[in-house]
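Undergrad: Below is the sequence, then the predicted model.
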Protein chains: 2
Amino acid sequence: MMNMTSPAVQAPRGGPVTRKDVARYAGVSTAVVSYVVNGGPKNVAPATEAKVQNAIRVLGYRPNAAARALKLGSTETIGLVIPDNGNPFFSLLAHAVEDAAAELGYALLLTNSDGNLAKERRNIRNLAARQVDGVLLSSVLMEPDLAELESADIPAVLLNHSADAPGFNSVGVDLTGSARSVVEHLISHGHTRIALAMGTNTGGFLDGREQGWLQALTEAGLPEGPIVRSPFTREGGYIAGRRLLASADKPTAIFASSDLQAVGILRALHEAGVSIPDDIAIASFDGSAEAEYSWPPLTTVVQPAEAMAEAAVSALIGAQRNRESEHLIFPAELQVRRSCGCKGN
Amino acid sequence: MMNMTSPAVQAPRGGPVTRKDVARYAGVSTAVVSYVVNGGPKNVAPATEAKVQNAIRVLGYRPNAAARALKLGSTETIGLVIPDNGNPFFSLLAHAVEDAAAELGYALLLTNSDGNLAKERRNIRNLAARQVDGVLLSSVLMEPDLAELESADIPAVLLNHSADAPGFNSVGVDLTGSARSVVEHLISHGHTRIALAMGTNTGGFLDGREQGWLQALTEAGLPEGPIVRSPFTREGGYIAGRRLLASADKPTAIFASSDLQAVGILRALHEAGVSIPDDIAIASFDGSAEAEYSWPPLTTVVQPAEAMAEAAVSALIGAQRNRESEHLIFPAELQVRRSCGCKGN
């Protein structure tokens, strides 16, 4: 047992506590202090390490992080670029990335692009200039700007990205299959006019969620329902909901491409006195906590944020880092609640 | 105008681009390159600076951030410690802090405490060891652990903190006055049995929101309504809502201490077939986007997250940094929507 309250040792006046002070207090060489602080390169006996750790604690020694980074050639930091931390799916993802990085001793620099491509590029450049050990990019574009990442010349993994990206590792969900499963579920409730509320900012590429919706309708021999395109936000959903209510081809069910859009659609339907799911059923995509607590609770497909974050961090700085151009696609699971017409939660 | 596509200059093989390479390409001394990269200490003529910037871009030069930090004695990074990035109020606050820090050229290390005091302490220690230039602490406790901040010996500002904290700057809202205004509003709708759903983790201190609720009731000559204590989460609110519905002293209105709690209460009321606001009215605290899109939309008091974030960042690393023990209290504004019984939004 160590005496935690022992000698009233003070930091030397007039300057910060140094490695030398720690060595003197612990009765070891400065090299041994370095080994303890840096976890090597030589081993230190447990009893000696305990003495050094005690001295660090008593004296309040803080190793110089900048000097350490210079020596290690690593800042032990990763950067995350997401479109919007205010979207509960991305705040969940950011939290999961923080946890997975912390497991490996890395801290997280968080940057929001605010759905703005120019800001996304600036964030990537800034993170590169800060010499983070790598960047996880969840782009505002369906097809991210790989040229920016390449010119930044920094290890990067595309997160929440479902297509192959030559030269980069990527982690995403099976957008098409997941969307198909949720639209098939709406069809199983007897719906034949199923609309799609599709997010924008997809850069002109056909989104997997749109493909999945189309596939499910085609396979069931149903006509294409109306499509409304609007931002992946609550307000975007609200506008989409009002437009769908006003359309000549009013649907009896809506598939929303994000939980946030669905939340906005719910508001538009409630305001119009539409009963959900009796008049119009709804299902969405993401699996955020907000979907569980909307009224009625939303049937949605749940993206496995934690597993995706862990895989992306591992591909960037962990055990999987040296595999190049590996594209991990996770399944997203259908979570049935009341908004589709099912009973119970 | 500079020629952006000019000479096909390659980085020298076998190593990174150095300051010397940039100097040679731009036709200036290495000292001039340093002045441009570091913004001083000597001024550089605009035309020369343009030449250097062009060389940096063409060669893909990245200054060594660790060496720069060692020289500046600053990592140009601040740390943020929040209870939970999944709470939309804190994700809004984190985003506002990121923006305010970026304005001053600082990046943001984000850490979540997950409502856990031990993790909060660990986050503070880790940020100190990384030599961030300062920490913004939004504690899980009403009275944060100042000893931890003091022993970390790092500049810190308490954020989302409404009481005085000797030796520290703090930024918060007027919890008591804001809560009083919203409870007075419920009283103006004719309610006489107004319950309080109060968040936990306040460390045994009387929360300003509870004081404000009490003051409004006392001044109106009303009896104390029931109090239910549960976590500041959607699930905490759901549990509180079910308990209030089952209580002998069933209220006709509820004041929830956070938007998230109110969202959970709404779910409990909807499930029980309670009409809102006709059977039970509800109002809450925070002003997150989720409150605007719940059903019915929530009357709430809006914390000025952006102004608070800017003030906190300024107190930590900006113009206001040398004022000690300044306690900034912002007013929070009542935002009336439908959940209290008002018409319109």
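TA: In hand now; what should we look at? Numbering: from 1, shown residues only, chains lettered A, B, ... in the order given.

Undergrad: ok, how many other residues are close to residue A:293?
TA: Applying the criterion other CB atoms under 10 Å in any protein chain shown, we find 22 residues in the vicinity of residue A:293. For glycine as for every other residue, the C-beta is placed from the backbone atoms N, C-alpha and C.

Undergrad: From chain B, how far off is it?
TA: Taking CB to the nearest CB, to the nearest Å as the measure, residue A:293 falls 5 Å from chain B.

Undergrad: so what's that residue closest to, chain neighbours aside?
TA: Computed as CB to CB, 6 or more residues apart in numbering or on different chains, the closest residue to residue A:293 that is not its neighbour in sequence is residue B:234, at 4.6 Å.

Undergrad: per-residue pLDDT, that neighbour?
TA: The model reports residue B:234 with a pLDDT of 95.

Undergrad: Tell me the strands beside the helix or strand harbouring residue A:334, with direction?
TA: Element membership for residue A:334, per DSSP states H and E: strand A:333-335. In the sheet containing strand A:333-335, its partner strands are strand A:299-302 (antiparallel), by DSSP bridges.

Undergrad: And the average pLDDT for the partner strand is what?
TA: Summarised as a single mean, pLDDT over strand A:299-302 is 97.

Undergrad: what comes into contact with it?
TA: A:178-179, A:181-182, A:185, A:259, A:262, A:282-287, A:291, A:332-340, A:342 (CB atoms under 8 Å, 6 or more residues apart in numbering or on different chains).

Undergrad: Strands of the stretch 51-200 of chain A, residue ranges please.
TA: If DSSP state E, counting those that start in this stretch is used as the criterion, the strands of the stretch 51-200 of chain A fall at A:77-82, A:107-112, A:134-137, A:156-159, A:169-173, A:194-199.

Undergrad: For the stretch 201-345 of chain A, what lies in contact range of chain B?
TA: Residues of the stretch 201-345 of chain A lying near chain B by CB under 8 Å from any CB of the partner chain: A:234, A:238, A:263-264, A:266-267, A:270, A:289-290, A:292-297.

Undergrad: run the last query once more with 10 Å
TA: Contact residues of the stretch 201-345 of chain A with respect to chain B, defined by CB under 10 Å from any CB of the partner chain, are listed as A:233-235, A:237-238, A:260, A:263-264, A:266-267, A:269-271, A:276, A:288-290, A:292-297, A:338, A:345.

Undergrad: Separate out the buried members of these.
TA: A residue is treated as buried here by neighbour count (16 or more other CB atoms under 10 Å in any protein chain shown); on that basis the buried members of those are A:233-235, A:237-238, A:260, A:263-264, A:266-267, A:269-271, A:276, A:288-290, A:292-297, A:338.

Undergrad: Please list the members of the residues you listed that lie in helices.
TA: Using DSSP state H to define helices, the subset of these located there is A:234-235, A:237-238, A:260, A:263-264, A:266-267, A:269-271, A:289-290, A:292.

Undergrad: and those residues, which two are the farthest apart?
TA: Checking those against each other with CB to CB, the farthest-apart pair comes out as A:271 and A:289, at 23.6 Å.

Undergrad: my read: residue A:210 touches residue A:257, true?
TA: Yes - proximity of residue A:210 to residue A:257 meets the contact threshold set by CB atoms under 10 Å, at 7.7 Å.

Undergrad: Name the residue in these two with the higher neighbour count.
TA: residue A:257 (29 against 21).

Undergrad: In contact with that one: list those residues for me.
TA: A:175, A:179, A:196-200, A:202, A:207-210, A:213, A:229-230, A:232, A:236-237, A:240, A:284-286 (CB atoms under 10 Å, 6 or more residues apart in numbering or on different chains).

Undergrad: Could you turn the buried ones of these into a ChimeraX selection?
TA: Burial among these is assessed by 16+ other CB under 10 Å; the matching ChimeraX selection reads:
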select /A:175,179,196,197,198,199,202,207,208,209,210,213,230,232,236,237,240,284,285,286
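
Undergrad: Show me chain A divided up by domain.
TA: By the record's domain assignment, chain A is partitioned as A:19-63, A:74-173+A:305-330, A:175-303 (automatic domain parsing).

Undergrad: mind checking which of these is nearest residue B:191?
TA: Between residue B:191 and the domains of chain A, the shortest gap by CB to CB is with domain A:175-303, which sits at 22.3 Å.

Undergrad: got the end-to-end distance for that closest one?
TA: With CA to CA, to the nearest Å as the measure, the first residue of domain A:175-303 is 9 Å from its last.

Undergrad: Stretch A:147-163 too?
TA: When the end residues of stretch A:147-163 are compared by CA to CA, they are separated by 16 Å.

Undergrad: now do stretch A:139-153
TA: With CA to CA as the measure, the ends of stretch A:139-153 fall 17 Å from one another.
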